[in-house]
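Trainee: Next input, structure requested:
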Amino acid sequence: MIGTIDSKQKIQEVMLIGSGGFKKRIDGNLMTAMIALIMTTNSDYNYDNAQDLLKEMGLLDKNENVIVSNTIRNRVKYKFKIKNNDMTTFRIIGTK
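Mentor: Predicted structure coming up:
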């Protein structure tokens, strides 16, 4: 996990990087880390809110092979991407 903050110590971006082929199904450890990251960066969110966000992105649909997914909630952008079936990134970016 890597992240950047601005001069006021506010989070600008946090990125979670996972290695390995997750094309067919997202690894449970990665999913748990994504939910924890969502809840950590959104103090108003609980587990159900984080799970709803991942459903909105199509990441909990067992029949869907999501390669790229983006959504925006409460002025925060969420990006998920699988590159070459060997690197998965999940980014949370604060919008202005």
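
Trainee: so who does Ile17 touch?
Mentor: 1-2, 87-89 (C-beta atoms under 8 Å, 6 or more residues apart in numbering). From N, CA and C alone the C-beta is placed, and that goes for glycine too.

Trainee: Output the residues you listed in TSV, with pLDDT, secondary structure and neighbour count appended to each entry.
Mentor: Shown next, in TSV, are the contacts of Ile17 (pLDDT from 0 to 100; DSSP: H, G, I helix; E, B strand; the rest coil; neighbours: other C-beta atoms under 10 Å):
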residue	pLDDT	secondary structure	neighbour count
Met1	76	coil	10
Ile2	82	strand	9
Met87	82	strand	14
Thr88	84	strand	22
Thr89	88	strand	13
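
Trainee: any idea which of those is closest to Leu54?
Mentor: Among the contacts of Ile17, Thr88 lies closest to Leu54 (C-beta to C-beta), at 13.3 Å.

Trainee: name the helices or strands packed onto the biggest helix by length in the chain?
Mentor: Criterion DSSP state H: the longest helix present in the chain is helix 28-41. Other elements packing on helix 28-41 under the criterion 3 or more C-beta pairs under 8 Å, 6 or more residues apart in numbering; DSSP states H and E are strand 11-19, helix 47-56, strand 76-83, strand 87-94.
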